[in-house]
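# Give me a model of this one.
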Amino acid sequence: MPVRKTITTVLQDGFILVFNLDKLDVVRTAQALLTAGIRNMEVTCRIRRPLEKIERLKKELPDFITGCASLIDSPSLLNRYNASHKDDPLPTVAQAVDAGADYIVSAVNFRQETYEQFAAKAGIIPGCGSANEIVAQFSLGANLCKLFPAKQLGGPGFVKAVDPAIHKQISIVPTGGTNPDNMPQYIDAGVLVLGGSFTLIENDLLQRIIEEQDYDLLARQLKKVKTLIDDCRAAKWPSIDMRSAALADIAQVTGRDFHL
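Numbers count the residues shown, from 1 in each chain. Reported below is the predicted structural model:
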């Protein structure tokens, strides 16, 4: 998928679901997202055999925007980890892109070499924990910058304090601790896209979804998240419909630069 199309879709969706449950089927989860009006999802490497799930997604739903997350862009650390986890090793960035990942995500920074090699092949969303890291990763070519773990770093207050200081140019994606209560606060602070996992769903409903493999119920719960985000973004930027806007129009209205 062209990088421009990938990032445009993520921006229009306003939400990235972190797929981190082996007990749910990855394709049926993606189909539930589509029913909810969301056309992307990141598959985290914290589950077993993530590349197999990405390959299956791209085969069965080729137009669905699929990310690979929790990548470790450190050859030495990756080698040490994989030496003791030979039954289910962590993939490299190159392996993730080769498997079909439309965008790559990490909890930490990506190396300069990664931007040089993959910026034209996949969207790049590095994990950042400070204003310095956000600016440094953006300067290397990040399309969006993930704030992680957002809750522990200060939540909406962090974005509200940091974003004006870096002149509201970089699109920050809070992930970790996002919920229906703080999502409106994040968007009011200028956030365009939020990341979140299945913890956004009430625990009793999530257990029912897992036990009964009820993907219709999952779609209904995800639709609530999508509607909340859409409504909050419409209130924040009433002159544009984020759900279908072109990348250039989003950039013009919000002042953000996506390196595209």
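# Strands of the protein, start to end?
For the chain, strands defined by DSSP state E occupy the ranges 15-19, 40-44, 65-69, 103-105, 123-125, 127-128, 145-147, 172-174, 194-196.
# Helices of the stretch 101-250 of the chain, residue ranges please.
In chain order, the stretch 101-250 of the chain shows helices spanning 112-118, 131-140, 150-153, 156-165, 183-188, 203-212, 215-236, 247-254, with DSSP state H, counting those that start in this stretch as the criterion.
# residues in contact with the fifth one?
Okay, so that is helix 183-188. Around helix 183-188, the neighbours that count as contacts under C-beta atoms under 8 Å, 6 or more residues apart in numbering are 155, 156, 159, 174, 178, 194, 225, 228, 229, 232, 233, 236. Using the backbone N, CA and C atoms, a C-beta is placed for each residue, glycine as well.
# ok, now the fourth one?
By C-beta under 8 Å, 6+ apart, the residues outside helix 156-165 that reach it are 131, 134, 147, 150, 154, 172, 174, 182, 185-186, 188-191.
# same thing but at 7 Å, please
When contacts are taken as C-beta atoms under 7 Å, 6 or more residues apart in numbering, the neighbours of helix 156-165 outside the stretch itself are 131, 147, 172, 174, 182, 185, 186, 189, 190, 191.
# Selecting buried members of these in PyMOL, what would you type?
Below is the selection syntax for PyMOL that covers the buried ones among the contacts of helix 156-165, with 16 or more other C-beta atoms under 10 Å defining burial:
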select buried, resi 147+172+174+182+185+186+189+190+191
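# Can you add distance to residue 64 and pLDDT and give the contacts of helix 156-165 back as CSV?
Putting these into CSV (distance: C-beta to C-beta, whole Å; pLDDT from 0 to 100) gives the following:
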residue, distance to residue 64, pLDDT
131, 33, 97
147, 25, 98
172, 25, 98
174, 23, 98
182, 27, 98
185, 30, 98
186, 25, 98
189, 29, 98
190, 28, 98
191, 23, 98
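# Turn the contacts of helix 156-165 into TSV, including distance to residue 51.
Conversion of those to TSV gives the following (distance: C-beta to C-beta, whole Å):
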residue	distance to residue 51
131	33
147	26
172	28
174	27
182	32
185	36
186	31
189	35
190	34
191	30
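# distance of residue 89 from residue 206?
Residue 89 sits 29 Å away from residue 206, taking C-beta to C-beta, to the nearest Å as the criterion.
# Ignore what I typed, I meant residue 96.
27 Å.
# More neighbours: these two, which one.
Relative neighbour count places residue 96 above the other of residue 96 and residue 206, with 26 against 18, counting by other C-beta atoms under 10 Å.
# so who does the more buried one touch?
With contact set as C-beta under 7 Å, 6+ apart, residue 96 has these partners: 51, 68, 71, 104.
# Can you dump the C-alpha atoms of stretch 207-222 in PDB for me?
As requested, the backbone C-alpha atoms of stretch 207-222 are provided in PDB (Å, rounded to 0.1, in the frame of the first residue of the first chain):
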ATOM      1  CA  GLN A 207     -14.900 -11.700  28.100                       C
ATOM      2  CA  ARG A 208     -18.200 -12.400  26.400                       C
ATOM      3  CA  ILE A 209     -16.700 -11.500  23.000                       C
ATOM      4  CA  ILE A 210     -13.700 -13.800  23.600                       C
ATOM      5  CA  GLU A 211     -15.700 -16.700  25.000                       C
ATOM      6  CA  GLU A 212     -18.500 -16.600  22.400                       C
ATOM      7  CA  GLN A 213     -16.300 -15.300  19.600                       C
ATOM      8  CA  ASP A 214     -18.900 -12.700  19.100                       C
ATOM      9  CA  TYR A 215     -17.500 -10.300  16.500                       C
ATOM     10  CA  ASP A 216     -20.800  -8.500  16.000                       C
ATOM     11  CA  LEU A 217     -20.700  -7.400  19.600                       C
ATOM     12  CA  LEU A 218     -17.000  -6.400  19.100                       C
ATOM     13  CA  ALA A 219     -18.000  -4.300  16.100                       C
ATOM     14  CA  ARG A 220     -20.700  -2.500  18.100                       C
ATOM     15  CA  GLN A 221     -18.200  -1.700  20.900                       C
ATOM     16  CA  LEU A 222     -15.600  -0.500  18.400                       C
END
